[in-house]
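> how would this look folded up:
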Amino acid sequence: MRMTVPIRRRVFSALLGGLAAFGVFPDGSARAESRLNAHYTISMTGVSIGRIVWIVDVGESFYAASANGRASGVLSVFLRGDGSIATQGRLTPQRLEPSTYVSNITDDDGTVQLRMTFDHDTVKDLTRVAPPKHKADRAPVSEADRRFTTDPLSAVLIPAASAEEALQPASCERVLPIFDGEVRYDLVLTYKRTEPMKIEHGYAGPVLVCAVALHPIAGYRSNSMVVKYIAGRKDMELWFAPIGDTGVIAPVRVMIPTMIGTFEIKADRFETVMRQPAEATAPPANAPSR
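Down below sits the predicted model:
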């Protein structure tokens, strides 16, 4: 069974969101920044179909993130296309609070450009430029659905009160309320296990494995593959490793069983470096170019 183009775009946007980053911090940041340089391969049934490149900068109270990726090939059932995503905002011990989010995703159906601004976890402004499309049976997204949400990138960068607490089971026990500009959904995380992982370039040590359940809320087609097959599954996994000693964890592996095999995103580079505040540059004014 083949997924529709809009659903592939939805998955591609979510995957870029789950793997973040490029950014900078406001003038006056008092401490050195930690930057994560990472690279991921996307595979279906063990066959490589794409890649995602990302970086995450973490400061004392601010963060910024973006990712770019591409997927193609005969086994690209879940996604096909390329794009970039970026976000930035405030870092707290409880969560990341975005201020702006921009994306530029291109697939068989054309290019969709999106910009959102947030104010206290609520989407205040949304601009979306997309090619004409057929009317679809979508659950409407209300103003209430835009409240108390975050973007796909910020959602999966999970902070803890300290580096020592970052890989504790409690980091898994949470609901991630996500709005990507079109679809509102929750990712429900629960602790599954902790195990060692050695990445080819960079990190080697314990990782936190969370079970993930997708709960669609608004904006989905009632007959979509996501609603019929993926939503509510209890065998999806999201693996996290720490970004140095920042107390923030980031995904290193995503595993989604499908009807034809396992869909997987796995880091082959996950390296953290320290950067001095003076090295930062100004944040981009517009969406990142592809």
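
> and the strands in the stretch 51-200 of the chain?
62-71, 81-91, 96-107, 110-119, 122-129, 158-159, 174-179, 184-198 (DSSP state E, counting those that start in this stretch).

> and the fifth one with strand 184-198, angle?
With axes from the mean of the first three to the mean of the last three CA atoms, to 10 degrees as the criterion, the two stretches strand 122-129 and strand 184-198 enclose an angle of 90 degrees.

> strand partners of strand 122-129, parallel vs antiparallel please.
Using DSSP bridges, the strands paired with strand 122-129 are strand 110-119 (antiparallel).

> ok so, going back, in CSV: the strands of the stretch 51-200 of the chain, plus mean neighbour count and distance to residue 239.
(Glycine included, C-beta is placed from N, CA and C.) What follows is the strands of the stretch 51-200 of the chain, written out as CSV (neighbours: other CB atoms under 10 Å; distance: least, CB to CB, whole Å):
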stretch, mean neighbour count, distance to residue 239
strand 62-71, 25, 17
strand 81-91, 24, 20
strand 96-107, 22, 19
strand 110-119, 18, 27
strand 122-129, 13, 29
strand 158-159, 22, 12
strand 174-179, 20, 15
strand 184-198, 16, 7
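
> can you redo the ones you listed as a markdown table with mean pLDDT and distance to residue 275?
Listed next are the strands of the stretch 51-200 of the chain as a markdown table, based on pLDDT from 0 to 100; distance: least, CB to CB, whole Å:
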| stretch | mean pLDDT | distance to residue 275 |
| --- | --- | --- |
| strand 62-71 | 86 | 12 |
| strand 81-91 | 88 | 16 |
| strand 96-107 | 90 | 19 |
| strand 110-119 | 91 | 25 |
| strand 122-129 | 92 | 31 |
| strand 158-159 | 94 | 19 |
| strand 174-179 | 94 | 27 |
| strand 184-198 | 95 | 25 |
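
> save these as TSV, and put in distance to residue 236 too.
Output for the strands of the stretch 51-200 of the chain, formatted as TSV (distance: least, CB to CB, whole Å):
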stretch	distance to residue 236
strand 62-71	18
strand 81-91	21
strand 96-107	22
strand 110-119	25
strand 122-129	26
strand 158-159	17
strand 174-179	13
strand 184-198	9
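
> any idea which of those gets closest to residue 214?
With CB to CB as the measure, strand 184-198 is the member of these nearest residue 214 (6.2 Å).

> now do the closest one: which elements does it pack against?
Packing contacts for strand 184-198, counted by 3 or more CB pairs under 8 Å, 6 or more residues apart in numbering; DSSP states H and E, involve strand 174-179, strand 204-218, strand 236-242.

> go with 10 Å
helix 5-18, helix 152-155, strand 174-179, strand 204-218, strand 236-242, strand 261-275 (3 or more CB pairs under 10 Å, 6 or more residues apart in numbering; DSSP states H and E).

> what angle sits between the third one and strand 204-218?
Using the same axes, to 10 degrees, the interaxial angle of strand 174-179 with respect to strand 204-218 works out to 50 degrees.

> coming back round to it: between the strands of the stretch 51-200 of the chain, which one is closest to residue 139.
Using CB to CB as the measure, strand 184-198 is the one of the strands of the stretch 51-200 of the chain that comes nearest residue 139, at 8.8 Å.

> what residues does the helix or strand just after that closest one touch?
On the C-terminal side of strand 184-198, the closest following helix or strand by DSSP states H and E is strand 201-202. Residues external to strand 201-202 that are found in contact with it (CB atoms under 10 Å, 6 or more residues apart in numbering): 36-39, 241, 252, 267-273.

> list the strands paired with strand 201-202, with their directions.
Partners of strand 201-202 in the sheet, by DSSP bridges, are strand 261-275 (parallel).

> which positions within the partner strand qualify as buried?
Of the residues in strand 261-275, 263, 264, 265, 266, 267, 269, 270, 271, 272 count as buried by neighbour count, 16 or more other CB atoms under 10 Å.

> got TSV for these, with pLDDT and distance to residue 51 too?
Formatted as TSV, the buried residues of strand 261-275 follow (pLDDT from 0 to 100; distance: CB to CB, whole Å):
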residue	pLDDT	distance to residue 51
263	86	14
264	90	13
265	92	9
266	95	11
267	95	11
269	96	11
270	96	14
271	95	16
272	93	20
